[in-house]
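> Have a look; sequence and predicted model below, questions after that.
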Amino acid sequence: MNTLMDLEHLDAKVRHSDLVKEIRTHDGAYYQDDAPKISDAHYDKLRKELEKLEEKYPDLITKDSPTQSVGAPASKGFQKVKHVVPMLSLSNVFSEEDVTDFHERIRRFLGLSESDEVELVAEPKIDGLSCSLRYEDRKLVLAATRGDGAEGENITQNVKTIKDIPQTLPDDAPDILEVRGEIYMSSKDFEALNKAQEEAGKPVFANPRNAAAGSVRQLDVNVTRQRPIKFFGYALGEVSESFADTHFEVREKLKSWAIPETSFKLCSSLADIMAHYEEILEGRAALDYDIDGVVYKVNRLDYQERLGFISRSPRWATAHKFPAERAVTVLKEIDIQVGRTGALTPVARLEPVTVGGVVVSNATLHNADEIERKDIRVGDTVVIQRAGDVIPQVVEVLKDKRKGNPPSFDFPGHCPACGSLAIREDDDVILRCTGGLICPAQAVERLKHFVSRLAFDIDGLGAKIVEQFYEEGLIKSPADIFKLKDLNKTLQPPIREREGWGDLSENNLFESINTRRNIQLNRFIYALGIRQVGEATAKRLAATYGSLSALNEAMKAAQNRESEAFQELLNIEDIGPAVADDLLGFFAEEHNQQVLADLEALLEIQTYEAAQSVDSPVSGKTLVFTGTLTTVGRQEAKAKAESLGAKVAGSVSKKTDYVIAGEDAGSKLKKAKDLGVEVLSEEQWSALINS
DNA sequence: CAGCCTCGAGTTCT
DNA sequence: CTCGAGGCTG
């Protein structure tokens, strides 16, 4: 027993010294230039492993261990912070027409007439990184990054080094106040920093945004302290008491509390807005910081509340982006990628070029038609831009730079992975591999989807690892993931002895797989990767059927198109004939039934909890709106009903509980009467929900 | 039946 | 983030 302990300890000691060395090396690259040679995730993993090791064997902790360095709190990587009020992203518009649409949509949603003006506040959109500052009792207590919007990272220590952020607020500020804003670096500071980097023989940053991001994500506070980062505040998160009726007033309050701010202007008409956009665009060059557009926000906060959100962005705000930066480069090759559903997507391999601050070497070409339309050929000189400043796309080919007459791209008629015929399904633009279950590329993509963030979200089982394990035959179908631990016992060599693996990382992998044996039904359905069934549809299916077995039974029954079960399926919002076809096709497939049975035996699938446990007169009821509503817009009425726990359907059936009839209601009202469904007037409806 | 809107699928880079 | 398609509205 003693010798066993000794051996383990020796192992730990060796691993410890390896880790210390490796982390030290990466720190060099990471700390100074934010140009690490490994991903943040990998780095964090190393540090975590080191910590765990030191926890178990405290005698291994040495003074020079990276866990003991200054700023040690950050050595845990950054702690996760849940946002009480989610940090959202903004929708984008690019033209005057889009702005008009945005403005119109708001008016329609609110049910306003032509003469009612909707005031907007326009402010420059800073190109930095979003940050939330939390003040409790007027003291700065927490700073967090946006992260995925729901959960960010605690960067309080680093943010406290930013001089222009007040540590305390005046007495008239509320007890709890979250200020949302942007951390950035001024152009002057950026240049000075790069000059210093260069003189010190260190690599330079590509742009101010990267420099700011790199500075904030420093694990060592002392490095951050020396970086000239700044902050602008422009919005609120959680607030203990409201202190304004409009966004404009919010901005003025923030200003009075010495929160650094950018310009903001109240615009009362579309003409005003466009004029202000031009003004900001023209003044852009004179600013000491980068901006990439103008943000418009509905001024009245009560309107904002009524407007609410579409998926991850508010309906009451949008970003009017400046025209995208372009660059010229050479297209070296066109590769074909195979997606989860068999879609063959051409990808342009480019001579790397910097566009808008990042180096781009790939760009999607979407489909064969796109290549033909733009007449893109291998070897061409092309203009690239980053659509919405993110996804690179080929804008056009510079034909006069074309040498000779290279052949047009010949789109393959077969899948490059499995050789199966590729076809266009009824005039679809996309060619699909017909290999289905036998295509290895599709199988891998399906597995990647299965473990992806919105599905099983298995830590430590990323795309690369899935590919590797699939190739080695360790994971061929989803159920294999949960059998991996047993398989590993007889595996030669076991995972921990492979390149890049160790005892700890192996343990961590099995641990994260194990925790995901317990999964919500909606995630499970999404993970199956059924065509046309994404996050939203999966949720609806989960909410409708409640359990996997109920879903499966219903799908089996619905195979008969005359059945009640089929009707019930079509009654689910957003499920029409096409989606139903794909769903039924999936459940009819024997192989899929096997997959379901295997998984069911290995997993604990939780029934779907409806998001709202609201107790209202309409919770659980199915409603149909018809006719023109006079007091509120249709979307708003629907959103309101849903927030009260009602299901809003598109057509009247005998499952409908109420039909709310506005002015000029037509066929749906008639059908409701025919079926004996209760009909409410708009007044009765608002009385009901306000009761 | 046409236009509007939401959802899904695919993609890039950090 | 964008594009296309399916579903819904009018």
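Received the coordinates, thanks.

> got a list of what the closest residue to DNA strand C within the stretch 451-600 of chain A touches?
Distances between the stretch 451-600 of chain A and DNA strand C by C-beta to the nearest atom of the strand are smallest at residue A:576, namely 2.4 Å. Every residue, glycine included, has its C-beta placed from N, CA and C. Residues in contact with residue A:576 (C-beta atoms under 8 Å, 6 or more residues apart in numbering) are residue A:570.

> ok, residue A:658 touching residue A:684?
No: Residue A:658 is beyond contact range of residue A:684, at 9.2 Å (criterion: C-beta atoms under 8 Å).

> who has more neighbours, the two?
Taking other C-beta atoms under 10 Å, residue A:658 and residue A:684 do not tie; residue A:658 has more neighbours (22 against 14).

> ends of stretch A:608-617, how far apart?
Start to finish, the residues bounding stretch A:608-617 are 22 Å apart (C-alpha to C-alpha, to the nearest Å).

> Just say helix, strand or coil for residue A:660.
With DSSP: H, G, I helix; E, B strand; the rest coil as the basis, residue A:660 sits in strand.

> Run a quick neighbour tally on it.
When neighbours are counted by other C-beta under 10 Å, residue A:660 comes out with 25.

> So what pairs up with it in the strands?
residue A:625, residue A:680 (DSSP bridges).

> That one: what's it in contact with?
A:623-626, A:629, A:637, A:679-682, A:685.

> rerun at 6 Å
Contact analysis of residue A:660 by C-beta atoms under 6 Å, 6 or more residues apart in numbering lists A:625, A:680, A:685.

> Same check on residue A:211?
A:185, A:190, A:205.

> Surely residue A:307 and residue A:314 touch.
No: Residue A:307 is beyond contact range of residue A:314, at 7.1 Å (criterion: C-beta atoms under 6 Å).

> Show me which of those two is the more surrounded one.
residue A:307 (23 against 17).

> For that one, list the residues it contacts.
Residue A:307 sits next to A:109, A:315-316 when contact means C-beta under 6 Å, 6+ apart.

> dump the residue contacts of residue A:350.
Contacts of residue A:350 by C-beta under 6 Å, 6+ apart are A:329, A:331, A:361.

> excluding its backbone neighbours, what's nearest the residue in chain A positioned nearest to DNA strand B?
For chain A and DNA strand B, the shortest gap (C-beta to the nearest atom of the strand) falls at residue A:534, measuring 2.3 Å. In this structure, residue A:534 finds its nearest non-sequential neighbour in residue A:526, 6.8 Å apart by C-beta to C-beta, 6 or more residues apart in numbering.

> before we move on, which element is that neighbour in?
helix A:521-527 (DSSP states H and E).

> got it, and residue A:330?
Short version: residue A:330 belongs to strand A:326-338, going by DSSP H and E.

> Also residue A:487?
Per DSSP H and E: helix A:478-489 holds residue A:487.

> mind listing what's buried in the following helix or strand past that helix?
Going down the chain from helix A:478-489, the next helix or strand is helix A:503-515, by DSSP H and E. Residues of helix A:503-515 classed as buried: A:503-506, A:508-509, A:512-513 (neighbour count, 16 or more other C-beta atoms under 10 Å).

> now helix A:503-515 and helix A:478-489, what's the angle there?
Using axes from the mean of the first three to the mean of the last three C-alpha atoms, to 10 degrees, one finds that helix A:503-515 and helix A:478-489 are set 140 degrees apart in direction.

> ok, back up a step: mind putting the contacts of residue A:660 into a markdown table with distance to residue A:139, pLDDT and neighbour count?
Below are the contacts of residue A:660 laid out as a markdown table (distance: C-beta to C-beta, whole Å; pLDDT from 0 to 100; neighbours: other C-beta atoms under 10 Å):
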| residue | distance to residue A:139 | pLDDT | neighbour count |
| --- | --- | --- | --- |
| A:625 | 48 | 76 | 24 |
| A:680 | 51 | 79 | 17 |
| A:685 | 47 | 79 | 23 |
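
> Point out the residues in the stretch 101-250 of chain A that sit beside DNA strand B.
Within reach of DNA strand B by C-beta under 7 Å from any atom of the strand, the stretch 101-250 of chain A has these residues: A:105, A:108, A:210, A:213.

> ok, residues contacting stretch A:130-148?
A:81, A:87, A:152-156, A:159, A:167-169, A:173, A:175-180, A:182-183, A:237.

> To clarify, my last question referred to stretch A:280-297.
Contacts for stretch A:280-297 (C-beta under 6 Å, 6+ apart): A:120-127, A:184, A:186-188, A:208, A:247, A:277, A:317-322.

> Now do the buried residues in it.
So stretch A:280-297, judged by 16+ other C-beta under 10 Å, has buried residues A:280-281, A:284, A:289-297.

> count of residues packed around residue A:522?
Residue A:522: 22 neighbours (other C-beta under 10 Å).

> pLDDT value on it, please?
Predicted confidence (pLDDT) at residue A:522: the value is 87.

> ok, how many other residues are close to the residue nearest to it when sequence neighbours are not counted?
In this structure, residue A:522 finds its nearest non-sequential neighbour in residue A:542, 3.8 Å apart by C-beta to C-beta, 6+ apart. Neighbour count of residue A:542, defined by other C-beta under 10 Å: 25.

> Around DNA strand B, which positions in the stretch 351-500 of chain A sit nearby?
Looking at DNA strand B, the residues of the stretch 351-500 of chain A close enough under C-beta under 7 Å from any atom of the strand are A:358-364, A:390-392, A:445.

> Show me just the buried residues among those residues.
Those of those that meet the buried threshold are A:360, A:363-364, A:392, A:445, by 16+ other C-beta under 10 Å.

> In strands only, show me these.
Using DSSP state E, the subset of these located in strands is A:360, A:363-364, A:392.

> Spell out which two among those residues are the most distant pair, please.
A:360 and A:364 (11.3 Å; C-beta to C-beta).

> Quick one: mean pLDDT over stretch A:643-655.
Across stretch A:643-655, the average pLDDT comes to 68.

> Let me see the contact set for residue A:433.
Remark: with contacts taken as C-beta under 6 Å, 6+ apart, residue A:433 is in contact with A:338, A:342, A:415, A:420, A:422, A:439.

> can you list the weak-confidence ranges in the stretch 551-691 of chain A?
Along the stretch 551-691 of chain A, the model assigns pLDDT under 70 to residues A:609-615, A:620, A:627-636, A:638-639, A:642, A:647-655, A:663-676, A:691.

> can you pull out the strands in it?
Using DSSP state E, counting those that start in this stretch, the strands of the stretch 551-691 of chain A run over residues A:604-606, A:622-626, A:647-649, A:658-661, A:678-681.

> Just the buried ones among the contacts of residue A:433, please.
Applying 16+ other C-beta under 10 Å to the contacts of residue A:433 flags A:338, A:342, A:415, A:420, A:422, A:439 as buried.

> Quick check: phi and psi on the second one?
Phi and psi for residue A:342, reported as degrees, to the nearest 10, are phi 90, psi 0.

> ok, and the closest non-adjacent residue to residue A:126?
With sequence-adjacent residues excluded and distances taken as C-beta to C-beta, 6+ apart, residue A:126 is closest to residue A:182, at 4.1 Å.

> tell me the SS of that neighbour?
Going by three-state DSSP: residue A:182 is strand.

> what's the burial count for it?
For residue A:182, using other C-beta under 10 Å, the count is 22.

> Kindly report the same for the one 5 residues further on.
With neighbours defined by other C-beta under 10 Å, the count for residue A:187 comes to 14.
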